[in-house]
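K.L.:
how would this look folded up:
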Amino acid sequence: MAADTVICASHGPTLPASKRRALIELVGGYGLILLVLWVPRTEQRPIYIAAIVWIVIATCISFDGLRTMGLRVSRPLRSAWIVPATIALAACAIGVASALGTLSLPRTCTLFVQRYWGYAIWAAVQQFLLQDFVLLRLLRVLSAKHAAIAAALLFSLAHLPNPILTPLTLVWGLASCLLFLRYRNLYPLAVAHAILGITLAISVPGHVDHNMRVGLGYLTYRTSHHLSQNDHTVSTNVCATAEASTLRSSLHARP
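P.N.:
Numbers count the residues shown, from 1 in each chain. Next comes the predicted model:
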């Protein structure tokens, strides 16, 4: 009887290979991202490169197709409302910041573009990571609803210990995942992310949110070592290697 029990246990239900692979890809990629955020700046570059390589290889191996990834959209007008709705929300936030005296706009349109073009690109990368790397792998293991919640939680945890970004990214992460599941269109979500991030950057003083830094960068932030509120820049949540020249040239800080 005992031997039969052992045999039955050894042949019990196991996680399918596709689900195991999805979890391995997710844990490996997310773990490397967290390492980038929490190691000293001098040690970030090799881990950052490893994270990029891991995510690229995992995406190629487990390629879900352009339509599933929201990169080839059959009915783009269905989700067209997302961008104007985001603009309206940003306008309200800017109005509040202006009334409170915390609004900090670049003096010219040229300066605005120079300062934030890099972040706009990075916003698209973040949405790709959230939807096409994290969410799609969670969908192989969990139901759509639970996968969206789990993805939002992971996205939010990557913004610790920033007390402003952590709750905001939880809300945006969940909203964007649900919208992605409904419309399968990554593009308006990337644009909305850029609008919201830039709005936050020009509305909240740098000394309050530590220039939107996260991880070890948030803890080691020193106001005296950064630009004044008039030169408030946007930081990112994963691009935390040594400050790349392209980001620095566009006045983008990393976490």
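
K.L.:
does Ile33 touch Ala158 like I think?
P.N.:
Yes. Between Ile33 and Ala158 there is a contact under C-beta atoms under 8 Å: 6.4 Å. No exception for glycine: its C-beta is placed from N, CA and C like everyone else's.

K.L.:
neighbouring contacts of the host helix or strand of Trp172?
P.N.:
Assigned by DSSP states H and E, Trp172 belongs to helix 165-183. For helix 165-183, contacts defined as C-beta atoms under 8 Å, 6 or more residues apart in numbering pick out 70, 73, 78-79, 82, 127, 130-131, 135, 144, 147-149, 151-160, 186, 189, 192-193, 196, 200, 209, 212, 214, 237.

K.L.:
need the buried ones from those selected in PyMOL.
P.N.:
The PyMOL selection below is limited to those of the contacts of helix 165-183 classed as buried (16 or more other C-beta atoms under 10 Å):
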select buried, resi 70+73+79+82+127+130+131+135+147+148+149+151+152+154+155+156+158+159+160+186+189+192+193+196+200+209+212+214+237
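
K.L.:
any figure for the gap between Pro76 and Pro188?
P.N.:
8 Å (C-beta to C-beta, to the nearest Å).

K.L.:
those two: who's more crowded?
P.N.:
Pro188 (24 against 11; other C-beta atoms under 10 Å).

K.L.:
could you verify my assumption that the more buried one touches Arg78?
P.N.:
No. At 10.0 Å, Pro188 and Arg78 do not qualify as touching, with contact defined as C-beta under 8 Å.

K.L.:
where does pLDDT dip in the stretch 101-250 of the chain?
P.N.:
In the predicted model of the stretch 101-250 of the chain, residues 223-250 satisfy pLDDT under 70.

K.L.:
any idea how far the closest residue in space to Met69 that isn't next to it in sequence lies from Leu111?
P.N.:
What sits nearest to Met69 in space, not counting adjacent residues and going by C-beta to C-beta, 6 or more residues apart in numbering, is Asp132, at 4.7 Å. Counting by C-beta to C-beta, the separation of Asp132 from Leu111 is 33 Å.

K.L.:
the more surrounded of these two?
P.N.:
Taking other C-beta under 10 Å, Asp132 and Leu111 do not tie; Asp132 has more neighbours (19 against 13).

K.L.:
quick one, what contacts that one?
P.N.:
59, 64, 69-70, 186.

K.L.:
rerun at 10 Å
P.N.:
Residues counted as contacts of Asp132 (C-beta atoms under 10 Å, 6 or more residues apart in numbering) are 55, 59, 64, 68-71, 180, 186.

K.L.:
among those residues, who's most crowded?
P.N.:
Gly70 (26 neighbours).

K.L.:
quick check, pLDDT for that residue.
P.N.:
The model reports Gly70 with a pLDDT of 96.

K.L.:
how about the one 10 residues further on?
P.N.:
Ala80 is assigned a pLDDT of 94 by the prediction.

K.L.:
with only the CA atoms kept, save the helix ranked longest in the chain in PDB.
P.N.:
Secondary structure of the chain per DSSP state H: the longest helix is helix 17-38. Extracted in PDB, the C-alpha atoms of helix 17-38 (Å, rounded to 0.1, in the frame of the first residue of the first chain):
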ATOM      1  CA  ALA A  17       5.900  22.300 -19.800                       C
ATOM      2  CA  SER A  18       4.500  25.500 -21.400                       C
ATOM      3  CA  LYS A  19       3.400  26.800 -18.000                       C
ATOM      4  CA  ARG A  20       6.700  25.900 -16.400                       C
ATOM      5  CA  ARG A  21       8.600  27.700 -19.200                       C
ATOM      6  CA  ALA A  22       6.400  30.800 -18.800                       C
ATOM      7  CA  LEU A  23       7.100  30.900 -15.100                       C
ATOM      8  CA  ILE A  24      10.800  30.400 -15.600                       C
ATOM      9  CA  GLU A  25      11.000  33.200 -18.200                       C
ATOM     10  CA  LEU A  26       8.900  35.500 -16.000                       C
ATOM     11  CA  VAL A  27      10.900  34.800 -12.800                       C
ATOM     12  CA  GLY A  28      14.200  35.100 -14.500                       C
ATOM     13  CA  GLY A  29      13.400  38.400 -16.300                       C
ATOM     14  CA  TYR A  30      11.700  40.000 -13.400                       C
ATOM     15  CA  GLY A  31      14.400  39.000 -11.000                       C
ATOM     16  CA  LEU A  32      17.000  40.500 -13.200                       C
ATOM     17  CA  ILE A  33      15.000  43.800 -13.400                       C
ATOM     18  CA  LEU A  34      14.800  43.900  -9.600                       C
ATOM     19  CA  LEU A  35      18.500  43.300  -9.300                       C
ATOM     20  CA  VAL A  36      19.200  46.200 -11.600                       C
ATOM     21  CA  LEU A  37      17.000  48.400  -9.400                       C
ATOM     22  CA  TRP A  38      18.600  47.400  -6.100                       C
END
